[in-house]
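>>> Predicted model follows, preceded by the sequence.
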Amino acid sequence: MISVRKPVELNFWVTPNAGFDTRRALRALLNRFQKKYPHITVRIWVFPWSVVWDRLMHVLKHSHWPFPPDVIQIGSTWTCTLAFLGALKDLTPRLWEIDRDSFIPTVFESCYLPHTRKLYSIPWFMEHRVLYYRRDILKALNIPPEELETWDSFRKICRAITRMQKGKKNLHTLSMSGQKGEVLIHDLAPWIWGAGGDFLTPDERMAFFHRDQSLEGLKFFFSLIADGSIPLMGRDQFSSGNFFTGHAVFQFSGAWPLNSFFRKGHRLYQPEVAENFGTAPFPLGPAGRFTYLGGSHLAISAATRFPEESWTLVRFLSSPEVQLAHARAIGMLPCRQSEIHGLFAGNPEAKRVFLESLTYARILPQVPILGTFERMFVRCTSDITKMIVEKDFSGSRLQTRLAQAAEETNYLLSLYG
């Protein structure tokens, strides 16, 4: 007798990883999934990063939600907090099914609940930031790329370009990373680490980002906004456009948009960028060279009614071939070591820079407050950028606002500890 599996519909929550092309990029892969598992239908829900956290908190607090998520895309900084709060299913019993050793080791560390070694998410795609620059513009200004090597030389070049570009609206010096018009801890981390500081004390019991070397790293970053190298418009809103759209000379990014901005014939193709981009390591700071390693993971909601089918989807999407295809489609990096090499075929310089950058890439402190701290810190950086816009920025005001954020962080640490 042939058994017929009961049809199941999974709700898959994702963020707009490829903008308006997000559904199309996912649907191509999910069609393959549903041919293999015809009893499972996947319904895609796309939520902006700005609202998905609040939606997850609502699901956690209220048992009655019309379409609760089954599989969720979460930021790599969210695993600790969501797992601590009981929002995610424990995937530790499934660990043997996914060939854990084939993943980039550092990124996999952000999938565990700290101090328990319990697994709550699986890496899906990642970013570790390098410096993109325009070869043609540097050449026209007689600036060799080697001068991008250190913090001081990089800032000197940024200030020179900013002075030359003053009054020109279409080309800025340095663009903010990512889709969000705000300063994130992801943006700040390399500067804090490069100055010899960190976000928390070594025992992870207290804030440290407002003290000593950490403060110097933050002063350096915000000086790039204060002197106009990173442009602002309006209150604390960053100018639209970025390196890949042809509106900036530099950008720190972990994106690799091989199938969009760099591909001839694509609607987003930018020939002046695709034909003239270069990549360089994150500049060397006083305490060394560091870059941020983050990305997105796949997790299963604790509220799911279909844990087996949800795991089937997670395992499929995180498999080597599918993960590489998805990374190519959205212009990001796969999390498996075997797939990184193939992604950069035909681009030896970029391959060298990205692979070398992995050796000094770091993740953020893995503490239960991390997801909450990330959101709290955005409020802090928004206040700081507002000071800059209103010409009320100084080292002492920066330190005062960071000290206030440190008090809030210490309170959070005491609650979660």
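Received, thanks.

>>> Tell me if Leu174 really is in a helix.
No: counting by DSSP: H, G, I helix; E, B strand; the rest coil, Leu174 is located in no helix; its state is strand.

>>> That one and Phe250 touch, don't they?
Yes: with contact defined as CB atoms under 8 Å, Leu174 counts as touching Phe250 (4.6 Å). For glycine as for every other residue, the C-beta is placed from the backbone atoms N, C-alpha and C.

>>> any residues in contact with both of the two?
Common neighbours of Leu174 and Phe250, using CB atoms under 8 Å, 6 or more residues apart in numbering, are Cys158.

>>> which is the next helix or strand following the helix or strand that contains Asn31?
Using DSSP states H and E, Asn31 falls within helix 22-36. Next helix or strand after helix 22-36 toward the C-terminus (DSSP H and E): strand 40-46.

>>> re the thing from before, so which bits of the helix holding Asn31 are buried?
The neighbour-count check on helix 22-36 (16 or more other CB atoms under 10 Å) flags Thr22, Ala25, Leu26, Leu29, Leu30, Phe33 as buried.

>>> Do you know the pLDDT at the closest residue to Ala226 other than its chain neighbours?
In space, and not counting its chain neighbours, Ala226 is closest to Ile388: 5.1 Å by CB to CB, 6 or more residues apart in numbering. On pLDDT, Ile388 comes in at 93.

>>> What is the host helix or strand of Ile388 packed up against?
Using DSSP H and E, Ile388 maps to helix 370-389. In terms of contacts (3 or more CB pairs under 8 Å, 6 or more residues apart in numbering; DSSP states H and E), helix 370-389 is packed against helix 79-84, helix 185-194, helix 212-226, strand 232-233, helix 395-416.

>>> rewinding a little: report the inter-axis angle for the helix holding Asn31 versus strand 40-46.
Taking axes from the mean of the first three to the mean of the last three CA atoms, to 10 degrees, one finds helix 22-36 and strand 40-46 inclined to each other by 170 degrees.

>>> got the phi/psi numbers for Gly299?
If you look again at residue 299, you'll see it is Ala, not Gly. Phi and psi for Ala299, reported as degrees, to the nearest 10, are phi -140, psi 160.

>>> In this structure it contacts Thr81, no?
No: taking contacts as CB under 8 Å, Ala299 lies outside contact range of Thr81: 11.8 Å.

>>> mind giving me the domain ranges of this structure?
8-126+293-362, 130-143+174-290+370-416 (automatic domain parsing).
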